[in-house]
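Trainee: how would this look folded up:
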Amino acid sequence: MKKALIVILIGALLAAAGWGGFHLWKQSRITIWSFVPDNSILVFEPNDFTYLWRTDDKRKIVKNLKSLPELDSIQQVINRLDSVTNFQFSKVVDQGHLLISFHQNTNESLAALYILEVQELQQHSLLSDVQQYLKDSLKFEPSNRNYQDYLITEFKKEKTTLTYIFHKNFLIASFSPFLVEDAIRMITDSKVNTYQETELRVAQVAQGNSGAGRCYINTNYLNKLAGIFANPVQIDTTPLKWLTHLMYMDLNFENDKIHLSGFAVNDTSKINYLSAFDGIRGVGFDMKNIVPANTSYVLHASVEDVSQWHIGLKNYWRKHEPAQLTQIGELENRFDFNIRDFYEFMSDEVGYFVLESSRSFNSDLIFCIEHKSQELATQFFESLAQKANTDSTLYLENYAERQIRHINIDEIPSRLFGSMYSGFPSSYYFIDGSYVYFGNSQQVLEILIDDIDNENTWRRSVRTNAFLESTHEDANFSMFVKSNGALNQVGKVLNDNWAKYLEVNKTILSQIEYAAIQFTHVDGEYYTSLLLQHPGELIKQIQPQSFEIQKQQGFANNLISKPFAVRNHNDRTLEMIVQDEAFTLHLLDVNLKPALQIPLKGKLKSKIYQVDYYKNGKLQYLFALDQSVHMIDRNGTYIPGYPFKLKSGQQISELSLIDYDKSRNYRIMVADSKGNYYLYNKAGKLLDGWDPKKMSSSPATLGRHVRVQKNDYMLLVQKNGIFQNLNRRGETRDGFPIDLKGTISQDYFISKGSKPANTEISALTDLGELVSFNLAGVVTDRRQLVRENDQDIFSLVNSGTEKEFIVIKKNDNKLFIYNEALVEQFQIEINSKSLIYQYYYFGVDNQLIIIINQQKNEGYIYNQDGRLLHKSPLVVSHELAVLFQESKGQYDLYCSNGNQLNIVSLKK
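Mentor: Take a look at the predicted model:
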């Protein structure tokens, strides 16, 4: 018994000694990372905290971004603390080791925890000075409290509380008290966070902190970070937490770029999204050649072995998104989809393009697959369409020499490659070149075809392509963002608080032109790059600019027309056509040098259209005079059959060019002053049903055409407010005519949809009522602008690209500019009875509203926010032709006044 007691006593003493030794060992093992709560979303480890906020000639981007109130306040706090501590604050912070840990707060905001490792002798002097400053200067009230045997100090003032503790050589502080308590629990409970698990590994690989600092991102909480900003009704952020295990990236600044680069660390014991690319090499971003210029962002996957990637995706779905396997299984079982046949023709790239849109939450989407056999791809998707469309005839639409088809299966892209590629309730597609293109509407594919044919793509944009060349060509997975449209897309999914913040600070944030985040497989890990491009000096350009005259050309007679932009089919350069008071047409080359003079016998009654009459790439000019229609080539030679006169012998009011399916089998619609409409083929032959088509009043604007679901709609509106919708044979469609209940003397806006019921027309009466109706003849809305008196004049102004419209109300001395929702954008003081309005839409944040006062021959150019872009008025007497040079960030304005044609430039 005695021996047993001795053994127990010795054992107890050894256990106590062991516990004490373990406790001392544990205390000695505490590092700065031990205090980071395990729910931290992101940790920033600055290399030189105070220099991070300073600006110099090589980091002008920092100066511009500090215009954001939060970033500017940090610099102000640093300056104040340096002032009261004789610059000891900056010294202690820079010589110490600082971590800033970010967490989800309860009020749609981020909370920060500051952890600083300092020397013993420094901390007390600094603390004393700061405490004195808080009490005496800022009137904070100090107090102390205990939490798990740690003394917590708090300084309170109204709703602000600064909480901190000292532990050994560590200062832990936050304006969110719960974070300091979380840090205490980390060390008392001996918890290990994600950063501690990988800290040693990261240190070995990264070889020290480089640049301005290092960001560590815990992707397990990345969805919470997104959830702070996003409206959960609009976006599901959950999959973000399965992207990878942890990311660390070093922060570097250049004059016009912010670059974070490092690695996404894979936990080999877990399956995440990036692990689907394990062992697969990236092969490039050739798709930039076909991404439309007005694309907001692109998701792009690049793999040398698509079947291996798809196996990896299935492993990921099995673990995290099992419903995805059901989706692809349904595709295989219901429609006999053979994934091996799909692999036979699919090549290296997959792309998802979200086009810029400001009209609704629903975006125009394109999904693109690279193929290696057009024959196999054509057979595969035609067979799939046949199986899915068993109850109807296969849909086929010819457009610009492509065949657009339809597959009646929902979400084909997301079924094949994951939920991030969703948004296709059904799929229209065509195959051309090296790619299969899917669109969530027929219209978006037509836009894509036009952009590809006109070389209006990312690859052809000097500025966009320059940015892409600074990214990583061989990345496996990339997201490329073009800010001018993406900010609008982001605004649609933000919660109310952050949407308001974006709107308030849009001027600053919109100056971030491009962004790219990329992941590239390297030896089992993923090189990670986040690149932001900012022009560096743009804030200075917010002030009104001066016009710069680029080129000038004088004429013997005064000009009586606006300049019309045309394309030289030989070298694709831009040329101009103007008419003088002797009725001579002048063709001017790219340098405004005379290339051709054509004497005419009357004044232009239409715009000048370019046509490819012979379908050989050589372009001709189509236009109307008072009583005749003309078509000439660039040598001044008339096309056979031209000119011709109307049968009625009446004055021509309007001429419009129609190309039903971009086949260059043109139709020419002409309206005379009596309301008679004629429709000719391109050879000048009258077509059945249009000899003429008589309306009850003179035309308010030119006749227009829209094609929806293979049907052609001929739209005519008369000054008496009668809106007519005819088929190609001139027969009235059901639901028409529509009486707008008011006179109309201007253009209208067409918002093309996927079917007649959602293709909407907006027309404005002269009394300021905006009437909306669809192609089925259903009036969907009537909205009346306030009429302050009988002299108010209302105008609907289409953009040059017909993507948007604005409404302008004029009273005695003021203009009111409204967007298409009739929300007032801004006002302009102006007193004139003779005004011309123009509206150019180059993007959501790049719009021009042009007001020309013909009484004074003065022009004024405003952006979408109502900011006047120039110091002195522009000398001009007719409408402008405007081009935007994205590479230079400037507008080229072609303006005529008297006998002079000038090209003047203006910075954005």
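
Trainee: these two touch, right, residue 116 and residue 167?
Mentor: No. Residue 116 sits out of contact with residue 167 when judged by CB atoms under 8 Å, with a separation of 11.3 Å. Bear in mind the C-beta positions are built from the backbone N, C-alpha and C, glycine included.

Trainee: More neighbours: those two, which one.
Mentor: Applying other CB atoms under 10 Å to residue 116 and residue 167 shows that residue 116 carries more neighbours, namely 21 against 16.

Trainee: That one and residue 665: what is the separation?
Mentor: Distance, residue 116 to residue 665, by CB to CB, to the nearest Å: 75 Å.

Trainee: How about residue 728?
Mentor: For residue 728, the distance to residue 665 - CB to CB - is 12 Å.

Trainee: Kindly report the same for residue 846.
Mentor: 35 Å.

Trainee: Next secondary structure after the helix or strand of the chain with the lowest mean pLDDT?
Mentor: Of all the helices and strands that make up the chain, helix 2-28 has the lowest average by mean pLDDT, DSSP states H and E, namely a mean of 35. Going down the chain from helix 2-28, the next helix or strand is strand 42-46, by DSSP states H and E.

Trainee: chain center to that next one: distance?
Mentor: How far strand 42-46 lies from its chain's middle: 29 Å, per CA atoms, centre = their mean, to the nearest Å.

Trainee: what residues does it touch?
Mentor: Under the criterion CB atoms under 8 Å, 6 or more residues apart in numbering, residues 36, 52, 98-102, 195, 209, 212-218, 225 lie in contact with strand 42-46.

Trainee: Mind listing the strands that strand pairs with, and their directions?
Mentor: strand 97-104 (antiparallel), strand 213-218 (antiparallel) (DSSP bridges).

Trainee: Name the stretch among the ones you listed that sits most buried.
Mentor: Highest mean neighbour count of those: strand 213-218, a mean of 23 (counted as mean count of other CB atoms under 10 Å).

Trainee: ok, residues contacting that strand?
Mentor: So strand 213-218 is contacted by 40-49, 52, 194-195, 202, 206, 246-251, 260, 262 (CB under 8 Å, 6+ apart).

Trainee: ditto for stretch 438-457
Mentor: For stretch 438-457, using CB under 8 Å, 6+ apart, the contacting residues are 288-294, 355, 364-369, 397, 399-400, 402, 404, 406, 412-413, 423-430, 437, 662, 709, 752-754.

Trainee: Enumerate the positions of it that are buried.
Mentor: 438-449, 451-452, 457 (16 or more other CB atoms under 10 Å).

Trainee: Mind checking which of the residues you listed are in strands?
Mentor: 438, 439 (DSSP state E).

Trainee: so of the buried residues of stretch 438-457, which ones are in helices?
Mentor: Counted as lying in helices by DSSP state H, out of these, are 442, 443, 444, 445, 446, 447, 448, 449, 451, 452.

Trainee: Relative to residue 874, which of those residues is nearest.
Mentor: Distance to residue 874, by CB to CB, is smallest for residue 451 among these, at 30.4 Å.

Trainee: So if I had to pick from residue 846 and residue 665, which one is more boxed in?
Mentor: Between residue 846 and residue 665, counted using other CB under 10 Å, residue 846 has the larger neighbour count: 18 against 12.

Trainee: any idea how far that one lies from residue 634?
Mentor: 32 Å.

Trainee: go on, residue 605?
Mentor: Counting by CB to CB, the gap from residue 605 to residue 634 is 21 Å.

Trainee: now swap in residue 684 and tell me
Mentor: Distance from residue 684 to residue 634, by CB to CB: 20 Å.

Trainee: Pick out whichever of these two has more residues nearby.
Mentor: A side-by-side neighbour count of residue 684 and residue 634, using other CB under 10 Å, places residue 634 first with 18 against 15.

Trainee: Which residues are in contact with the more buried one?
Mentor: 568, 569, 587, 595, 596, 619, 620, 621.

Trainee: Name the SS class of the second one, please.
Mentor: Same thing as residue 569. coil (DSSP: H, G, I helix; E, B strand; the rest coil).

Trainee: excluding its backbone neighbours, what's nearest it?
Mentor: With sequence-adjacent residues excluded and distances taken as CB to CB, 6 or more residues apart in numbering, residue 569 is closest to residue 619, at 4.4 Å.

Trainee: how many neighbours does the one you found have?
Mentor: 18.

Trainee: That one against residue 572, yeah?
Mentor: No. The pair residue 619 and residue 572 fails to qualify as a contact (CB under 8 Å) at a distance of 10.4 Å.

Trainee: still on that earlier bit, any common contacting residues for residue 116 and residue 167?
Mentor: In contact with both residue 116 and residue 167: no residue, using CB under 8 Å, 6+ apart.

Trainee: one step back: nearest to residue 461 among the contacts of residue 634?
Mentor: Out of those, the member with the shortest distance to residue 461 (by CB to CB) is residue 568, at 20.8 Å.

Trainee: Which residues are in contact with the closest one?
Mentor: 574, 575, 589, 590, 634.

Trainee: Remind me which helix or strand the fourth one belongs to.
Mentor: Think residue 590. Going by DSSP H and E, residue 590 is not in any helix or strand.

Trainee: Kindly provide the distance from residue 53 to residue 844.
Mentor: In terms of CB to CB, residue 53 sits 31 Å off from residue 844.

Trainee: oh, I was asking about residue 139
Mentor: Counting by CB to CB - residue 139 and residue 844 are separated by 45 Å.

Trainee: More neighbours: which of these two?
Mentor: residue 844 (23 against 10).

Trainee: can you pull the contacts of the nearest residue in space to that one that is not next to it in sequence?
Mentor: Spatial nearest neighbour of residue 844, excluding adjacent residues (CB to CB, 6+ apart): residue 488 at 4.4 Å. Going by CB under 8 Å, 6+ apart, residue 488 touches 296, 356, 357, 358, 844, 845.

Trainee: same check, this time on residue 769
Mentor: Per CB under 8 Å, 6+ apart, neighbours of residue 769: 740, 741, 742, 782, 783, 784, 785.

Trainee: Same question for residue 808.
Mentor: 794, 795, 797, 815, 816, 817, 818, 837.

Trainee: where exactly do the strands run in the stretch 51-200 of the chain?
Mentor: 97-104, 110-117, 141-147, 150-157, 160-167, 170-174 (DSSP state E, counting those that start in this stretch).

Trainee: re earlier: would TSV of the ones in helices among the buried residues of stretch 438-457 with pLDDT and distance to residue 758 be doable?
Mentor: Rendered in TSV, the data for these read as follows (pLDDT from 0 to 100; distance: CB to CB, whole Å):
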residue	pLDDT	distance to residue 758
442	90	12
443	89	11
444	93	14
445	95	17
446	93	16
447	91	16
448	95	20
449	96	21
451	93	23
452	94	26
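
Trainee: which one of these is nearest residue 547?
Mentor: Nearest to residue 547 among these, with distances taken as CB to CB, is residue 451, at 30.6 Å.

Trainee: How much space separates residue 387 from residue 652?
Mentor: Distance from residue 387 to residue 652, by CB to CB: 53 Å.

Trainee: Which of those two has more residues huddled nearby?
Mentor: Between residue 387 and residue 652, counted using other CB under 10 Å, residue 652 has the larger neighbour count: 22 against 15.
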